[in-house]
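Q: Build me a model:
(one chain, ligands or ions: 1)
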Amino acid sequence: MTSAERPRVFVVRRLPSAIETKLRERYDVALNATDETYPLDRLVEAAQSFDAIVPTVVDNVPAAVFAARPLRARLVANYGVGFDRIDLAAARAHNVVVTNTPGALTEDTADLAMMLILAAARRTSEGERQLRAGDWAGWRPTHLLGARVNGATLGIVGFGRIGAAVARRAHRGFGMRVLFVNPSTPDAAAVEEASAERCASLDELLASSDIVSLHAPARDGTRRMIDARRLESMRPGAILVNTARGDLVDESALSDALEHGRLGAAGLDVFEREPAVSERLLALPNVVLLPHLGSATTTSREAMGERVLANLDAFFRGVPPPDRVA
Ligand code: DGY
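A: Residues are numbered from 1 along each chain as shown. All right, here's what the predicted structure looks like:
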């Protein structure tokens, strides 16, 4: 294929260099060398002059992009699992295929969720801040006492790939009892591996768990599912961990619950208005805050890129892309 015949691919953010090299070899590609955030106009222009757009999980791809005229783009190959910022209905209406990158980041995101569970329970961020500030007065029996994770009950909201991987770690590595809720039938082997017990409702799970870890996608029906009432129904001193999407939690209600000591702690990798983080959360000592690092290993980020390439390659060969979501 001559370069004039190669499909034109517009990549919205800078990607790992190994992936950008492969994209350059296979496609007539526009890369984002400066990693700047593009305005909507730029995406609309891209939809008019490129065959595929590769956004990431933080880029909005609203109906205006699919309404571009003339519309050249036929594929939106999302770099990431979550596609909550892509208007799927508009994509379908304009016959644009949308794909994502499932599976590539499961283990690393599960590791990070486990790390947040441990860090929130054992107050490690508080301890490090204290030590770095020169305020550590030495070992003493009552210093920074946290909650024991081993043997605690972990409630998993969303028993998909990542939820199941957290359950496995928690049960097999930390002897935790695992409860879960999931809208569909979960993978039976994953349930068995973690001896996980299904709860009849989210309310039952919240009332029965010492630690709750969120692994649901953001969509109608899950947005703000953890609201003031549900936070109130959690066990006193319970811990909430979110590595899924900020939209799942009412952050203001969460701040209330943490400020009033209703919840013991939280571990958050995702936020309602990323990259902005509320002043109230920033001021709370009992929250571990991370900048959306769930998939931030070279292994995951390259694997995500490989899945984008697999979807592009299949689509432009005329076969169904493996990870089609619309
Ligand atoms: C995803 O792929 O949805 C993750 O949030 C990226 O870390």
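Q: can you tell me which helix in this structure is longest?
A: Longest helix in the chain, counting residues (DSSP state H): helix 298-317.
Q: Which positions in that one come out as buried?
A: Going by neighbour count (16 or more other Cβ atoms under 10 Å), the buried part of helix 298-317 is 300-305, 307-316. From N, CA and C alone the C-beta is placed, and that goes for glycine too.
Q: Wait, residue 309 touches residue 23, no?
A: Yes - with contact defined as Cβ atoms under 8 Å, residue 309 counts as touching residue 23 (7.1 Å).
Q: all strands of the stretch 51-200 of the chain, in order?
A: Assigned by DSSP state E, counting those that start in this stretch, the strands in the stretch 51-200 of the chain fall at 52-54, 75-77, 97-99, 153-157, 177-181, 197-198.
Q: so of these, which one's packed in deepest?
A: strand 52-54 (a mean of 28; mean count of other Cβ atoms under 10 Å).
Q: List the strands paired with it, with their directions.
A: Here strand 52-54 is paired, per DSSP bridges, with strand 8-11 (parallel), strand 75-77 (parallel).
Q: Which among those strands is found nearest to the ligand?
A: strand 75-77 (13.0 Å; Cβ to the nearest ligand atom).
Q: residues making contact with that closest one?
A: Residues from elsewhere that reach strand 75-77 (Cβ atoms under 8 Å, 6 or more residues apart in numbering): 51-55, 61, 86, 91, 96-99, 308, 311-312, 315, 321.
Q: Please apply the same query to stretch 29-42.
A: In contact with stretch 29-42 (Cβ under 8 Å, 6+ apart) are residues 8-15, 20, 23-24, 46, 50, 59-60, 62, 64-65.
Q: Surely residue 171 touches residue 191?
A: No - here residue 171 lies out of contact with residue 191, judged by Cβ under 8 Å, at a distance of 10.6 Å.
Q: What does the residue most central in space within the chain show for phi and psi?
A: Centroid-nearest residue in the chain, with Cα atoms, centre = their mean: residue 244, separated by 3.8 Å. Main-chain dihedrals, residue 244, degrees, to the nearest 10: phi -100, psi -80.
Q: Please spell out which residues along stretch 162-172 are buried.
A: Neighbour-count burial for stretch 162-172 [16+ other Cβ under 10 Å]: 162-171.
Q: nope, stretch 129-137 is what I was after
A: residue 130.
Q: ok now do residue 246, which residues does it touch?
A: Contacts for residue 246 (Cβ under 8 Å, 6+ apart) come out as 268, 270-274.
Q: farthest-separated two in those?
A: Within the contacts of residue 246, 268 and 273 form the most distant pair, 12.5 Å apart (Cβ to Cβ).
Q: Neighbour count: the two, which is higher?
A: residue 268 (23 against 10; other Cβ atoms under 10 Å).
Q: Got phi/psi on that one?
A: For residue 268, the backbone dihedrals (degrees, to the nearest 10) come out as phi -120, psi 130.
Q: Tell me what the nearest residue to it once chain neighbours are set aside is bridged to.
A: In space, and not counting its chain neighbours, residue 268 is closest to residue 242: 5.2 Å by Cβ to Cβ, 6 or more residues apart in numbering. Note on residue 242: beta-bridge partners by DSSP bridges are residue 214, residue 268.
Q: Run a quick neighbour tally on residue 242.
A: Taking other Cβ under 10 Å as the criterion, the count of residues near residue 242 is 26.
Q: mind listing what it touches?
A: Applying Cβ under 8 Å, 6+ apart to residue 242 gives the contacts 213-214, 248-249, 266-270.
Q: Tell me which two in these are the farthest apart.
A: Using Cβ to Cβ, the contacts of residue 242 reach their maximum pairwise distance at 248 and 267, which is 13.8 Å.
Q: ok, now which ones touch the residue of the stretch 101-250 of the chain at minimum distance from the ligand?
A: Closest to the ligand within the stretch 101-250 of the chain is residue 105: 5.7 Å, counting by Cβ to the nearest ligand atom. Shown in contact with residue 105 (Cβ under 8 Å, 6+ apart): 80-81, 162, 294-295, 300, 303-304.
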